[in-house]
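Peer 1: sequence and predicted structure are below.
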Amino acid sequence: MYTIRKSLDIDFAHHIRGHAGACIHIHGHTWRFEVELQAKSLDEDGFVIDFKRLKTEVLQPCHRLLDHSLAIGADTYAETERALIPLGQALLDSRMPRHGTTETSDSSVTTLAGACNRYPGGMKVVVFPFSPTSERIAKWLYEVAQDTLGDERVSVAAARVFETQKPVPAVAEYRP
């Protein structure tokens, strides 16, 4: 069996609905998303798959969706959307004194495997259909990769989400 792995770092915050500990609070990480692909045979160029495809078709769309956002679950978003609007507006208004504008460089809506950007008050929020724990995000990443790149020859062996990397990694992995 041949395997390849590629990863990409993404900065975003999250909130874990109902958590009994500190993860109830909004907090951020520099996450690492890693996908491992496998194949029993190589393609005609000698690859499991070109690393560029894994990057551009799976990892970069995840980055576009999540980079510098707040990730929350759909239930939390439904309950807090109205409260997030004035918060988002206040955060963006802080640009006015320095830059003379509250415009953002990107407020495009991206949807990926059930997760979607929303912009209450201009603040970038990613709404997942689940509370975004590392374990659930790892399974979501696996499904994104399998739906995008899986075929009769190539399959996803695992998807890993590194919630913290230093001083000691904290990693969630999903494999079927």
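Peer 2: On my side now, so go ahead. Computed from a prediction, not measured in an experiment: that's the story for all the values here.

Peer 1: now the element after the helix or strand where Arg136 lies, going C-ward?
Peer 2: According to DSSP states H and E, Arg136 maps onto helix 134-149. Using DSSP H and E, the helix or strand that follows helix 134-149 in sequence is strand 154-164.

Peer 1: give me the residues contacting that following strand.
Peer 2: With contact meaning CB atoms under 8 Å, 6 or more residues apart in numbering, strand 154-164 is reached by 3, 7, 29, 31-39, 48-49, 134-135, 137-139, 141-142, 145-146, 149-150, 169-175. From N, CA and C alone the C-beta is placed, and that goes for glycine too.

Peer 1: in it, what's buried?
Peer 2: Neighbour counts using 16 or more other CB atoms under 10 Å place 154-163 of strand 154-164 among the buried residues.

Peer 1: neighbouring strands for whichever helix or strand comes after it, and are they parallel or not?
Peer 2: Beyond strand 154-164 in the direction of the C-terminus, DSSP H and E gives the next helix or strand as strand 170-174. Each strand pairing with strand 170-174, determined using DSSP bridges, is listed with its direction: strand 154-164 (antiparallel).

Peer 1: how distant is the partner strand from the center of its chain?
Peer 2: Computed by CA atoms, centre = their mean, to the nearest Å, the chain-centroid distance of strand 154-164 equals 12 Å.

Peer 1: got the CA positions of it in PDB?
Peer 2: Output of strand 154-164 as PDB, limited to C-alpha atoms (Å, rounded to 0.1, in the frame of the first residue of the first chain):
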ATOM      1  CA  VAL A 154      -7.400   6.200  -4.100                       C
ATOM      2  CA  SER A 155      -9.000   6.300  -0.600                       C
ATOM      3  CA  VAL A 156      -8.500   8.400   2.500                       C
ATOM      4  CA  ALA A 157      -6.600   6.400   5.100                       C
ATOM      5  CA  ALA A 158      -7.000   9.100   7.800                       C
ATOM      6  CA  ALA A 159      -7.600  12.700   8.500                       C
ATOM      7  CA  ARG A 160      -5.800  14.400  11.400                       C
ATOM      8  CA  VAL A 161      -6.600  17.600  13.100                       C
ATOM      9  CA  PHE A 162      -3.800  19.000  15.400                       C
ATOM     10  CA  GLU A 163      -5.500  21.400  17.800                       C
ATOM     11  CA  THR A 164      -2.300  22.300  19.400                       C
END
